[in-house]
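Asks: Quick one, structure for this:
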Amino acid sequence: MIVDKEDKTATNTFMLNTKFLLILFVVIANCIEPLVQQNAALHVLYLGIYTFHIPMFVMVTGYFSRNFKLDVSGIQSLQLIFYHYLIFQSLYSLLDALAFHAPSVRYSFFIPYSLLWFLFSHFCWRLLLLLFSKMKHPLGISIILGLLVGYAPFSGTMLSFSRTIVFFPFFLAGYYLQWDRILKTIFRMNKYVSAMLLLSILFLLHVMLLDPKWLYSSFTYIELASIHWYTGGYRLGIYLLEIVASCCFLRFVPRTPSLLTEWGKHTVYVFLLHALITKTAISMGLFTYVHTAVQIALVLLLAPAMTWLLLQGWVRRLCKPLIEPNLTFWKRWITDKHQI
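Replies: Next comes the predicted model:
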């Protein structure tokens, strides 16, 4: 039993380290996105990051949802997710209308703004978990649904419908798989081989000229201009690519407790706030001045600097009333109801 507790602690540490590195790659991807059309190397790097950072973030989210039940604690977690979506969907939409003016933005509470799709989907994943946990083969069924949802005759962005279903298998993988055993297998992988596989994936992405929309998973097959009966096989190939890239990435995640572990506990601050900085920079036209290798390198260095800044204690204290408010009225309401 002691060994099990030690394994669980080690796995939790690993997942928190993973969580921090993933939010770092989220920031890097968003920082280089305005530059990918003018630089082939950044374009390949951007695609490479997308092969693992969303699937793994969903997986880690599933892992940390293992204690979810529709009890007081579970309702409060859903309430906080919904609160984040409500506040930041409103905030980002307002800022976009007044300042950012991002192209092709449709202002609707039911169409998540930019990266806020993750909040909407996370809310849905937890509710879907209540249904799929009663099934015999939930992971297999979720993969089949991920392939079939692409044939939907409507837009995949509405209610984050496509991404919710397509990435749901990774959420279930995080929830169900025995990660102590899986990580032991991953740690036995040769780092050199893992690095070579990642480089091979980057080369493959460069040769294939893969449309990033396939990695976003927010579009139906009609929206991807691929409406053949066998198109679901393409998404199955994307699943396999994401699994291989994710396993290779996990091989380089530190296993021991460190400052990364502590930062991994507070990634919600980076997730919700970093776009305020990147979208302000885009709206001010700052990225139009980035051309040389030195300037690109500076952008790549500013991404981890921004991540570090948003994880500082004074930033968390300043923003805590907005990001981690005291939402206890549900608990009081349920307590009062039981007392009646």
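
Asks: Would you map the helices across the stretch 51-200 of the chain?
Replies: Using DSSP state H, counting those that start in this stretch, the helices of the stretch 51-200 of the chain run over residues 53-63, 72-95, 117-132, 138-148, 161-166, 168-176, 179-187, 191-208.

Asks: Show me what the third one is packed up against.
Replies: Pointing back at helix 117-132 there. Applying 3 or more Cβ pairs under 8 Å, 6 or more residues apart in numbering; DSSP states H and E, we find helix 117-132 packed against helix 53-63, helix 72-95, helix 138-148, helix 161-166, helix 168-176. (C-beta placed from N, C-alpha, C; glycine too.)

Asks: Residue 215 is nearest to which of the ones you listed?
Replies: helix 53-63 (7.6 Å; Cβ to Cβ).

Asks: Pull the residues that contact stretch 64-79.
Replies: If you take Cβ atoms under 8 Å, 6 or more residues apart in numbering as the criterion, stretch 64-79 is touched by 15, 123, 125-127, 129-130, 171, 174-175, 327-328, 330-331, 334.

Asks: Quick check: of those, which has the highest neighbour count?
Replies: Neighbour counts for the contacts of stretch 64-79, by other Cβ atoms under 10 Å, peak at residue 171, which reaches 29 neighbours.

Asks: any weak-confidence spans in the chain?
Replies: Counting by pLDDT under 70, the chain shows low-confidence ranges at 1-7, 329-340.

Asks: Output the longest helix belonging to it.
Replies: Longest helix of the chain, by residue count under DSSP state H: helix 2-32.

Asks: after that helix, next one along is what?
Replies: Counting by DSSP states H and E, the element after helix 2-32 in chain order, helix or strand, is helix 40-50.

Asks: Please name every helix or strand in contact with that next one.
Replies: Counting by 3+ Cβ pairs under 8 Å, 6+ apart, helix 40-50 packs on helix 2-32, helix 191-208, helix 213-216.

Asks: Between those, which one is closest to residue 270.
Replies: Of these, the one closest to residue 270 (Cβ to Cβ) turns out to be helix 2-32, at 4.9 Å.

Asks: Now find how far off-centre the closest one is within its chain.
Replies: Here helix 2-32 shows a centroid-to-chain-centroid distance of 12 Å under the convention Cα atoms, centre = their mean, to the nearest Å.

Asks: Please point out which parts of that helix sit buried.
Replies: Within helix 2-32, the residues scored as buried using 16 or more other Cβ atoms under 10 Å are 7, 10-32.

Asks: Next: stretch 215-230.
Replies: Neighbour counts over stretch 215-230 (16+ other Cβ under 10 Å) mark 215-224, 226 as buried.

Asks: just stretch 95-107 next, same as before
Replies: Quick answer for stretch 95-107 (16+ other Cβ under 10 Å): 95-96, 100.

Asks: What is the nearest of those residues to residue 49?
Replies: Residue 49 lies nearest to residue 100 out of the buried residues of stretch 95-107, by Cβ to Cβ, at 22.5 Å.

Asks: other SSEs contacting the longest helix of the chain?
Replies: Using 3+ Cβ pairs under 8 Å, 6+ apart: helix 2-32 touches helix 40-50, helix 53-63, helix 179-187, helix 259-264, helix 267-283, helix 293-310.

Asks: Quick check: which of these is nearest to residue 150?
Replies: Taking these one by one with Cβ to Cβ, helix 53-63 is closest: 16.3 Å.

Asks: Relative to the whole chain's centre, how far out is that closest one?
Replies: 6 Å.

Asks: what do you get for stretch 46-57?
Replies: So, by Cα atoms, centre = their mean, the centroid of stretch 46-57 is 8 Å from its chain's centroid.

Asks: what number of residues lie near the closest residue in space to residue 186 that isn't next to it in sequence?
Replies: For residue 186, ignoring the flanking residues on the chain, the nearest one in space by Cβ to Cβ, 6 or more residues apart in numbering is residue 250 at 5.2 Å. Counted with other Cβ under 10 Å, residues neighbouring residue 250 total 21.
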